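Student: output the structure for:
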Amino acid sequence: MAETEIEWTDATWNPVAGCNIMSAGCTNCYAMQMAYRLEAMGVDKYSGLTRKSGGRRIWNGVIREDRASLEIPVRWKRPRKIFVNSMSDLFHPSVSSSFIEDVWSVMARTPHHHYQILTKRPDRMAEIVSSIQTKPLRNVWLGTSVESEEVSARIDELRRVSASIRFISFEPLIASVGKIDLSDIHWAIVGGESGPRARPIKEAWIDEIHDACRVSETAFFFKQWGTWGKDNKRRSKKLNGRQYRGRTWDEMPVQANF
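Tutor: As a prediction, this is how the structure comes out:
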């Protein structure tokens, strides 16, 4: 995969395939159905990664390291923002630390790109990153996903990660995140869930995050309302749009100095 319609990045790079459901935010993950579709199209990398459950496809926990894809960003000469592992989690416990180190090597060799890595395991991220770099790579942004207050402790774990940019994806936002501290977090992405099984988003939940961003001077990016609009009515995500408080929010993080 390369070009993407994700609003906050330019391209995707997937050196790892496969995952497993970890928390409520994973329930309707688009990547599960996408992996099944790619398998049906004959893409070997995605073969046997999902199983059928309740009329849909879910991860079965099989993880595949794809060394053949490691050099893909090297061949991209035009600078891009690259979302790493949109179809998996680089810090899944089944991904070897040596493979993660190889991914780091590629990113170090391609400073013209900016890499964005999201994980639901910021504790493992902090541990491994500290062992493979002496100081942060300026072109690597490290983040975690937080869908509700139930998993908001990931924010504190992310703060332990040595990174040029730390960011949080509050997507899909399926509940209040409560009173959060975003100090030392450079960027927050907020978005509602989309798809046939999408859960509603509430404007008050977005307000909590927006207000926390203003306190901590964290860049705020509102990606979408998703399937449920501001008026709590169900329609296409395109019709619901991206406006919040009467405008679009496409703020990007300011690079930290090292």
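Student: and stretch 135-152, end to end?
Tutor: 26 Å (Cα to Cα, to the nearest Å).
Student: tell me the SS of Y115?
Tutor: strand (DSSP: H, G, I helix; E, B strand; the rest coil).
Student: now do the helices in this structure.
Tutor: 30-40, 72-75, 97-109, 122-132, 153-159, 203-216, 237-240 (DSSP state H).
Student: redo these as CSV? Include distance to V140 and mean neighbour count.
Tutor: Backbone N, C-alpha and C define where each C-beta goes, glycine included. Listed next are these as CSV, based on distance: least, Cβ to Cβ, whole Å; neighbours: other Cβ atoms under 10 Å:
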stretch, distance to V140, mean neighbour count
helix 30-40, 21, 18
helix 72-75, 12, 14
helix 97-109, 5, 16
helix 122-132, 9, 18
helix 153-159, 14, 17
helix 203-216, 21, 17
helix 237-240, 29, 15
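Student: run a quick neighbour tally on S169.
Tutor: S169 has 23 neighbouring residues, counting by other Cβ atoms under 10 Å.
Student: could I get the contacting residues of it?
Tutor: By Cβ atoms under 8 Å, 6 or more residues apart in numbering, the residues touching S169 are L118, G143, T144, S145, V146, I189, G191.
Student: now the protein, which segments are flagged as low pLDDT?
Tutor: Applying pLDDT under 70 to the chain picks out residues 1, 255-258.
Student: sorry, back to before: so which pair among the contacts of S169 is furthest apart in space?
Tutor: T144 and G191 (14.9 Å; Cβ to Cβ).
Student: coming back round to it: in JSON lines: the contacts of S169, plus neighbour count and distance to E171.
Tutor: JSON lines is the format used below for these (neighbours: other Cβ atoms under 10 Å; distance: Cβ to Cβ, whole Å):
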{"residue": "L118", "neighbour count": "23", "distance to E171": "10"}
{"residue": "G143", "neighbour count": "25", "distance to E171": "11"}
{"residue": "T144", "neighbour count": "24", "distance to E171": "12"}
{"residue": "S145", "neighbour count": "22", "distance to E171": "7"}
{"residue": "V146", "neighbour count": "26", "distance to E171": "9"}
{"residue": "I189", "neighbour count": "25", "distance to E171": "6"}
{"residue": "G191", "neighbour count": "23", "distance to E171": "4"}
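Student: run through the bridge partners of the residue nearest to E3 when sequence neighbours are not counted.
Tutor: Spatial nearest neighbour of E3, excluding adjacent residues (Cβ to Cβ, 6 or more residues apart in numbering): A11 at 5.8 Å. Going by DSSP bridges, A11 is paired in beta bridges with E3, I82.
Student: count of neighbours near A11?
Tutor: Using other Cβ under 10 Å, A11 has 19 neighbouring residues.
Student: how about V43?
Tutor: 12.
Student: and the gap between it and I6?
Tutor: Distance, V43 to I6, using Cβ to Cβ, to the nearest Å: 20 Å.
Student: list the contacts of the nearest residue to F99 once chain neighbours are set aside.
Tutor: Closest residue in space to F99, ignoring its immediate chain neighbours: E65 at 4.8 Å, by Cβ to Cβ, 6+ apart. E65 makes contact with P15, V16, V95, S96, F99, according to Cβ under 8 Å, 6+ apart.
Student: just give me the closest of those to G178.
Tutor: V95 (30.6 Å).
Student: in the sheet, who's paired with the closest residue to the closest one other than its chain neighbours?
Tutor: Using Cβ to Cβ, 6+ apart and skipping the chain neighbours, the partner closest in space to V95 is V16 (5.6 Å). For V16, the beta-bridge partners are E65 (DSSP bridges).
Student: so V16 touches R67, yeah?
Tutor: No. Applying Cβ atoms under 8 Å, one finds V16 not in contact with R67, separated by 10.5 Å.
Student: okay, those two: which has more neighbours?
Tutor: Set V16 next to R67 and count neighbours by other Cβ under 10 Å: V16 wins out with 25 against 9.
Student: which residues touch that one?
Tutor: Taking Cβ under 8 Å, 6+ apart, one finds I63, R64, E65, D66, N85, M87, S88, D89, L90, H92, V95, F99 in contact with V16.
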